[in-house]
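Undergrad: Got a predicted structure plus its sequence, pasted below:
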Amino acid sequence: MSDVEGAISQAYRDEWARLVAGLTRRFGNLDLAEEAAAEAFATAVTRWPVDGLPPNPGAWLTTTATRKGIDRLRRESQRDSKHEEARMVFGHAPTESICAIDDDRLRLLFTCCHPALAMENRVALTLRMIGGLTVPEIAHAFLVPENTMGQRITRAKAKIKAARIPYRMPSKADLPDRVAGVLAVLFLIFNEGYLATSPESSPVRADLTAEAIRLTRLIRQLIPESGEVAGLLAFMLLTEARRTARISEHGELVPLDEQDRAAWEPELIAEGHQLVRERLIAAAAGEAPGRYQILAAIGAVHTSARDFRETDWSQILALYDQLANADPSPIIALNRAIAVAEIDGPAVALTTVDRLEKALNGYHAFHATRADLLRRLGRNQDARAAYDTALDLAGNTAETAHLARRRDRLR
Amino acid sequence: MQYLISVIDDKRNPGSLDRRPAISQFNERLIADGYWVFAGGLADTDAATVIDNRGEHPMISDGPFLESKEYLAGVWVWEAPDLDVALTLAAEASKVCDRKIEVRPFQ
C-alpha cells in the first residue's frame, strides 16, 4: 500500500464517524450526511494521489463533504421546490453537564441505538454510520443479502426522519437506559465476531470484534465516568486476548482447560485488568457494578490464573451469583453451573443444568454443557446423545468440530 | 411535530375500567404543558360500520374493518418536539390508562 492509500484508510478510520456526525448536525439529515461523507472520501481517493496529502486531512474532508452536501441540497431543492426537509432535532438543552465531552459522535450513537428501532436495525445503522463499514461489508458479516441489509438501513433512517428520533443527548433520567442500549448493540456485535453463529461464516470474525472494541473505546472516551462502559471494554479486551488461542490450527474450538495460555495477548490482558481494578475501587466506594463489570471481573479471574487448575473457581462462582442476582436469565444460570462443576463436581452441576431444560432446550450450549458433564461422570451413552443434540443446534464451525471430536472419542 | 397516540385494549385481558379520573387529570397536564391537541375515547368496536364506495354501489358492513382481539380504544393527538418527548409522555399515558400505547407520527 502506498503512503497516500495508507493515509486515506487511516483518515477513513479516524474521521468517518466524526464527519458523518458533524454533517448530521449541520444538515439535520442522516441520509445526506452519509452520502456527503462518502462522496468526500471518494474525492480524496482521486485527488490525494494527484495533489498530495492535504496538511490537515480531517479539515479537508469536512470542507469537501460540506460542499458536497450543499450541492446535493441545491440539486434536490431544484428538483422539487415543495420538498421540505424534515430537520432532525438537536440541542444541548437538558443535559449539558452529563458528559465530559459533548460530542456529535455520541449524539449520533444515541440516535443509531435508539430503543424505538429494532435491534437488528440498530446494529446495522451503528456499523454503517459510526463504524463506517459499507453495506456489503455489514451484509457479509451478518450473512444476509446486500439488498436486505441496505433496506434495513434505509428503513431505520426513514423511521428516524418520519418519527423524529432526535439527534441529541438523552435526558439525565434516560441516560443510564440509553447507554445500556448502546452497550447492548456493541456487545452483540462483539459476540457475533467472537462466536459467529452461522456455519457459512468463518468461526471467528476478527473484523467484528475489532470494530466492537474500537467503538467501545470511542464511547469510553466520550463517557469516561460510566462504569458499565469501562466494564464492557474490559470484558471485550479480556475475551479478545484469548481469541487466537481459542481456535486450533485445524479450525477447532479449544476449550479453556486446553488452551495454550502463552498464546494469550498480554497487552490486552494488562489493559483489561487495569480497567477491572479501577471498577473494583469504585465498587468498594459503594458503586454497585452492573452486568458488564461483573462479566469483566470473571474474565479477569480466568486470565489471572497461570493454568486451568489454578483458577479461583470460588471467586468465579461468587461473581456468577452476583450476576444472576442482577440478571436472572437461564443462560447465566448455565454458565454458573460450569463453575459449580469445578467446585462441587459434575454430578451437582448436572442437577442444576437439568433444571434449565425447559428454558434452554433449543440452545446448543445447554446440550454441550450437559454432554460435557455426562462425559465427566462416565455416562458415555447419555453424553453421546447430548453431543448429538448440541451438534444439531450449533452453527459455529469451530464449535461443531470440537463437539464432534469429543463425541467420537466416547464409545 | 404531531403524533397520533393510540390506546390499545385487549379483549382477552382488558385494562381496568376505573381510569377516567386519572385520565382527566393527565389531560389537564397535557393541556397546561402545551402537548394536547385532541383526545377521545371510542365506543366498542361492535358499534363500528365500514363503508366501501370504490365500486359501483356503496357497500356497508357491520363491525370494524379488522376483527382482532386487540383493538383501538381511544386516541390522542399530541404536539411534541420529538419522539423522545412523545415516548416519555406515552410511558405515563400507558400507566394512566392501564393499556398499551402506540405512538405514530403524522406525515
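TA: Cool, the structure landed.
Undergrad: Now for the residue of the stretch 201-350 of chain A found nearest chain B, how many residues are close by?
TA: Nearest residue of the stretch 201-350 of chain A to chain B, counting by Cβ to the nearest Cβ: A:I223, 18.2 Å away. For the C-beta atoms, the positions are set from N, CA and C on the backbone; glycine is no exception. Burial of A:I223 is recorded as 21 neighbouring residues (other Cβ atoms under 10 Å in any protein chain shown).
Undergrad: Please state the backbone phi and psi of it?
TA: For A:I223, the backbone dihedrals (degrees, to the nearest 10) come out as phi -130, psi 70.
Undergrad: Tell me if I'm right that it and A:L106 touch.
TA: Yes - between A:I223 and A:L106 there is a contact at 7.3 Å, judged by Cβ atoms under 8 Å.
Undergrad: pLDDT value on the residue of the stretch 201-350 of chain A closest to chain B, please?
TA: pLDDT recorded at A:I223 is 86.
Undergrad: now A:A40
TA: pLDDT, A:A40: 96.
Undergrad: quick one: buried residues of the helix or strand encompassing it?
TA: Per DSSP states H and E, A:A40 falls inside helix A:30-51. Using 16 or more other Cβ atoms under 10 Å in any protein chain shown as the test for burial, helix A:30-51 gives A:30-41, A:43-44, A:48.
Undergrad: between those, which is nearest B:G34?
TA: A:L30 (28.2 Å; Cβ to Cβ).
Undergrad: you'd agree the closest one is up against A:I130?
TA: No - here A:L30 lies out of contact with A:I130, judged by Cβ under 8 Å, at a distance of 11.5 Å.
Undergrad: okay, and the common contacts of these two?
TA: A:V20 (Cβ atoms under 8 Å, 6 or more residues apart in numbering or on different chains).
Undergrad: what's in contact with the helix or strand hosting A:R336?
TA: Using DSSP H and E, A:R336 sits within helix A:330-344. Around helix A:330-344, the neighbours that count as contacts under Cβ under 8 Å, 6+ apart are A:311, A:313-314, A:316-317, A:320-321, A:323-324, A:348-350, A:352-353, A:356, A:359-360, A:363, A:365-366, A:369, A:373, A:376.
Undergrad: Do you have the strands of chain B handy? List them.
TA: Remark: strands assigned in chain B by DSSP state E are B:2-10, B:36-41, B:49-52, B:59-62, B:70-79, B:100-105.
Undergrad: Chain A: which of those is closest?
TA: Taking the strands of chain B one by one with Cβ to the nearest Cβ, strand B:100-105 is closest: 4.7 Å.
Undergrad: can you pull the buried residues of the closest one?
TA: B:101, B:103, B:105.
Undergrad: Does it pack against any helices or strands, and if so which?
TA: Contacts defined by 3 or more Cβ pairs under 8 Å, 6 or more residues apart in numbering or on different chains; DSSP states H and E place strand B:100-105 against strand B:2-10, helix B:83-97.
Undergrad: does chain A sit close to the last one?
TA: Yes - judged by Cβ under 8 Å from any Cβ of the partner chain, helix B:83-97 comes into contact with chain A at B:83-84, B:87-88.
Undergrad: List the buried residues of that helix.
TA: Neighbour-count burial for helix B:83-97 flags B:83-87, B:89-90, B:93-94, B:96-97 (criterion: 16+ other Cβ under 10 Å).
Undergrad: same check, this time on the shortest one
TA: Neighbour-count burial for strand B:2-10 flags B:3, B:5-9 (criterion: 16+ other Cβ under 10 Å).
Undergrad: so where's the chain uncertain?
TA: You didn't say which chain, so I picked chain A. For chain A, the stretches with pLDDT under 70 are A:1, A:79-102.
Undergrad: Oops, wrong one, chain B.
TA: Within chain B, not a single segment meets pLDDT under 70.
Undergrad: where does it come near chain A, residue by residue?
TA: Residues of chain B lying close to chain A by Cβ under 8 Å from any Cβ are B:1, B:81-84, B:87-88, B:103-105, B:107.
Undergrad: residues in contact with A:L53?
TA: A:3-4, A:7.
Undergrad: Narrow these to just the buried residues.
TA: Looks like the contacts of A:L53 have A:4, A:7 buried, using 16+ other Cβ under 10 Å.
Undergrad: Dump the contacts of A:L53 to TSV, plus secondary structure and distance to chain B.
TA: Shown next, in TSV, are these (DSSP: H, G, I helix; E, B strand; the rest coil; distance: Cβ to the nearest Cβ, whole Å):
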residue	secondary structure	distance to chain B
A:D3	helix	45
A:V4	helix	42
A:A7	helix	39
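Undergrad: out of the contacts of A:L53, which one sits closest to A:T400?
TA: Of all those, A:A7 has the smallest distance to A:T400: 42.4 Å, by Cβ to Cβ.
Undergrad: Can you tell me the SS state at the residue lying closest to the closest one once chain neighbours are set aside?
TA: Distances taken as Cβ to Cβ, 6 or more residues apart in numbering or on different chains place A:L53 nearest to A:A7, at 5.5 Å, with adjacent residues excluded. Under DSSP: H, G, I helix; E, B strand; the rest coil, A:L53 falls in the coil class.
Undergrad: For A:L53, grab phi and psi.
TA: Torsion angles, degrees, to the nearest 10, at A:L53: phi -70, psi 130.
Undergrad: Quickly note the distance from it to A:R75.
TA: Between A:L53 and A:R75 the distance is 30 Å, computed by Cβ to Cβ, to the nearest Å.
Undergrad: quick one: contacts for the residue in chain B that chain A sits nearest to?
TA: For chain B, the residue closest to chain A is B:D82, as judged by Cβ to the nearest Cβ, at 4.1 Å. By Cβ under 8 Å, 6+ apart, B:D82 lies in contact with A:89, A:164-166, B:1.
Undergrad: Can you tell me which of the residues you listed end up in helices?
TA: Residues of the contacts of B:D82 located in helices (DSSP state H): none.
Undergrad: Output the residues you listed as TSV; include the columns distance to A:S248 and neighbour count.
TA: Formatted as TSV, these follow (distance: Cβ to Cβ, whole Å; neighbours: other Cβ atoms under 10 Å in any protein chain shown):
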residue	distance to A:S248	neighbour count
A:V89	52	18
A:R164	51	22
A:I165	45	25
A:P166	49	21
B:M1	56	17
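Undergrad: got the residues you listed as a markdown table, with distance to B:R19 columns?
TA: A markdown table is the format used below for those (distance: Cβ to Cβ, whole Å):
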| residue | distance to B:R19 |
| --- | --- |
| A:V89 | 31 |
| A:R164 | 28 |
| A:I165 | 29 |
| A:P166 | 30 |
| B:M1 | 27 |
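Undergrad: Among those residues, which one lies nearest to A:A210?
TA: A:I165 (28.3 Å).
Undergrad: just checking, the closest one touches A:A116?
TA: Yes - if you go by Cβ under 8 Å, A:I165 and A:A116 touch, sitting 6.1 Å apart.
Undergrad: What parts of the stretch 151-300 of chain A come near chain B?
TA: Near chain B, when you scan the stretch 151-300 of chain A using Cβ under 8 Å from any Cβ, you find A:162-166, A:170-171, A:174.
Undergrad: Go through those residues and name the one nearest A:S201.
TA: A:I165 (31.0 Å).
Undergrad: Show the contacting residues for that closest one.
TA: A:88, A:111, A:114, A:116-117, A:159, B:82-84.
Undergrad: And the nearest residue to B:D84 once chain neighbours are set aside, how close does it get to A:L391?
TA: Counting by Cβ to Cβ, 6+ apart, A:P166 is the residue found nearest to B:D84 once chain neighbours are left out, at 5.4 Å. Distance of A:P166 to A:L391, computed by Cβ to Cβ: 47 Å.
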